[in-house]
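K.L.:
Pasting a predicted model and its sequence here:
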Amino acid sequence: MLRLCFTAEDLLQVTFADEPAPMVELALAVAALQRPDPLFTLWRRRTLHALPRSAGPLLELMPATAKGPLFLDPLSLGFDDGLDQVLSAPTPFVRNELRRVHIGGRRPIPWTRLLADRDRESWQILEHAVRAAHECLLARSWDRIRAGFDAERAWRVQLLASQGIRATLAGLAPGARWHGTTLEFDSADDVEATLNGHGITLLPSVFWTGRPLVGKYARSTFLVYPAVTPLPLLDDPTANALATLLGRTRATILEQLTRPRTTTDLARQLHLAKSSVSEHTKALRAAHLTTAHRDGKTVWHTCTPLGFGLLTGSAGTTNG
């Protein structure tokens, strides 16, 4: 059982991560390669075939449960920052985490013992493995990962507005329930996290389909939970139905507008002329899929509930 113990102050400090955490997603992707999840069967087969041998050491460190050494998956705003945090992890932390993983049933491997001793060659092996795995598992799919993350985040924010924080948190996993101010999730492990007024950050993952995982970063607690649409379904060709309906460019713009963006942002992101973006956003506004508001000289565009519903397939959001 996973238990999260909230105070009233904690409930006021529940936030959503602004973007995917690359190192966390990388660890979960490595776990997905080893997990017999039917949703990931084809993805796993293709990816294992393409995975370079130099990435193999990560499979030795990160099990299918994703409960590997915590120094491998720090929260970071980008991959380079995350890799720097991995490589500069304090030696006592590295040793404790490797010991914890081995005690938990993961067989010690000679080169991981050398990691604990800060052997230079072993850390170079780890760095090469992380870089190779990132290129194969994340870099080539980052646009889809980010789109899935943004759509999930937007949908949960809508639920928060319509149903409140308790219902939103209980909806993160089947069977979740509240007992007073303690939220319980079914889990094979017995874990209790007391938030102590620091709140919690929600971090959806398109690679994870298991029960929510709780982690610590500095003084903050974060909860990793499965996004409604996992990566293989984001790759499903039927997902192009929206492009068929709206046209590829307008569908892409709508996907970008799960968070507020300016015309300049969209033009730069999509490599389009600002005049072209303006025409597309005008059409989307006319269809009541997006809205715009002015802040000084800047105009911000964002999805309407109807637009969110079209992206997520949620009929309940289309009564605009």
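P.N.:
It's in. Just so it is clear, the model here is predicted, and its values are computed rather than measured. Numbering: from 1, shown residues only.

K.L.:
Next one: residue 295 relative to residue 301, how far apart?
P.N.:
12 Å (C-beta to C-beta, to the nearest Å). Just so you know, the C-beta spots here come from the backbone N, C-alpha and C atoms, and that holds for glycine as well.

K.L.:
out of these two, which sits in the busier spot?
P.N.:
Relative neighbour count places residue 301 above the other of residue 295 and residue 301, with 24 against 9, counting by other C-beta atoms under 10 Å.

K.L.:
how about that one, what does it touch?
P.N.:
Counting by C-beta atoms under 8 Å, 6 or more residues apart in numbering, residue 301 touches 257, 260-263, 266, 281, 290-292.

K.L.:
rerun that using 7 Å as the cut-off
P.N.:
257, 260-261, 281, 290, 292 (C-beta atoms under 7 Å, 6 or more residues apart in numbering).

K.L.:
and residue 230, how many neighbours?
P.N.:
Number of residues near residue 230 (other C-beta under 10 Å) recorded here: 20.

K.L.:
meant to ask about residue 60
P.N.:
14.

K.L.:
Can you tell me how far it is from residue 306?
P.N.:
For residue 60 relative to residue 306 (C-beta to C-beta), the value is 48 Å.

K.L.:
Equivalent analysis for residue 5, please.
P.N.:
Counting by C-beta to C-beta - residue 5 and residue 306 are separated by 38 Å.

K.L.:
How about residue 47?
P.N.:
Where residue 306 is concerned, residue 47 sits at a distance of 36 Å (C-beta to C-beta).

K.L.:
name the element residue 225 belongs to?
P.N.:
Element membership for residue 225 (DSSP states H and E) is strand 220-226.

K.L.:
Dihedrals phi and psi, the closest residue to residue 224 other than its chain neighbours?
P.N.:
Nearest non-adjacent residue to residue 224, counting by C-beta to C-beta, 6 or more residues apart in numbering: residue 213, 4.4 Å away. Dihedral pair for residue 213: phi -120, psi 140, per degrees, to the nearest 10.
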